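J.: model the following, please.
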Amino acid sequence: MPAERRLRTPLVVGVVILLITLLAVIQVRSQAEVQRSLLSQDNTSLAFLIDDLHRSNDDLAKQEKALASRRDMLSGAGSAAVANAALSAEAQNLRIVQGLDPVRGPGVVVTVDAPLNDVDLQDAVNNLHVAGAEAISLAGRRIVTGTVIEASGGEVLIDGVGVRGPWTLVAIGDPSRLATAGDEMTRTLRADARVRSASYRADPDLTISSVIRQRPFVYALAP
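T.: Sure, this is the predicted structure:
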């Protein structure tokens, strides 16, 4: 073998090994096996191998680009789906807070037979809110932020509608905290001479079906 060819062969082999290191994505054989295989090739075979490596690398690059594009698209779609789901859940929570939808869950039922006034009922509702109630009904009426409980003409009005006892309050929320609040409320009420009876019960599956009619915003608009 001429000296020039002997010098060129290791150089070509080194170039091919470098190409394999840089371009090959899936390595089937160990690096030592690749070197032994390359050393057994002549220059013509090595040239073809280099061309094959270039073509394979181009194909892999195209596949990588396509997969990256697909990944980004799916990632974007996934983020959008997560965002949409979060927005939908938030909208549903807002409707529950506003009393626009029926609600179901664990909580307590407090029953009081007594001539309670508007202040008594406001205190009872506030105690349940403080105990973590997420939804409340009183005398079959949904109670939300902004609900007006007042006395007029010797009767109690809830948002302008007359209600009377015996009183039933249904509160859905943290069952443990609401049970504690129900126990404290009924014990306090039973000490009141006006109260004929006061009791509560915890229930793992309560339903509040009453809803509030949605009113359009006329004056309070987003800037």
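J.: going by C-alpha atoms from here, please, whenever you check contacts or count neighbours.
T.: Noted.
J.: specify the local secondary structure of the residue lying closest to Tyr200 once chain neighbours are set aside.
T.: Leaving out its chain neighbours, the residue that sits closest to Tyr200 by C-alpha to C-alpha, 6 or more residues apart in numbering is Val110, at 4.3 Å. For Val110, the assignment made with DSSP: H, G, I helix; E, B strand; the rest coil gives strand.
J.: ok, how many other residues are close to Val110?
T.: By other C-alpha atoms under 10 Å, the residues close to Val110 number 22.
J.: same check on Gly182?
T.: Gly182 has 28 nearby residues by other C-alpha under 10 Å.
J.: and for the one 4 residues further on?
T.: Neighbouring residues of Thr186 were enumerated by other C-alpha under 10 Å; the total is 20.
J.: quick check: it touching Arg201?
T.: No. Judged on C-alpha atoms under 8 Å, Thr186 makes no contact with Arg201 at a distance of 10.5 Å.
J.: quick check: neighbours shared by these two?
T.: In terms of C-alpha atoms under 8 Å, 6 or more residues apart in numbering, Thr186 and Arg201 are both contacted by the residues Val110.
J.: doesn't Ile136 fall inside a helix?
T.: No. Counting by three-state DSSP, Ile136 falls outside a helix, being strand.
J.: who is it paired with across the strands?
T.: Ile143, Ala171 (DSSP bridges).
J.: what does the helix or strand encompassing Val156 contact?
T.: Using DSSP states H and E, Val156 maps to strand 155-158. For strand 155-158, contacts defined as C-alpha under 8 Å, 6+ apart pick out 117-118, 141, 147-151, 162-164.
J.: can you turn the buried part of these into a ChimeraX selection?
T.: To isolate the buried ones among these in ChimeraX, judged by 16 or more other C-alpha atoms under 10 Å, type:
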select :117,118,141,149,150,163
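J.: next, format the contacts of strand 155-158 as TSV and append distance to Glu134.
T.: Formatted as TSV, the contacts of strand 155-158 follow (distance: C-alpha to C-alpha, whole Å):
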residue	distance to Glu134
Asn117	24
Asp118	21
Arg141	15
Thr147	15
Val148	18
Ile149	18
Glu150	22
Ala151	25
Gly162	24
Val163	22
Arg164	24
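J.: okay, helices next: where are they in this protein?
T.: 3-23, 31-39, 43-97, 118-130, 175-190 (DSSP state H).
J.: what about Ile158, neighbour count?
T.: Count around Ile158 with other C-alpha under 10 Å applied: 18.
J.: tell me the bridge partners for Val108.
T.: Ala171, Ala202.
J.: mind starting the numbering at 31 from now?
T.: OK, 31 is where the count begins now, so the last one is Val138.
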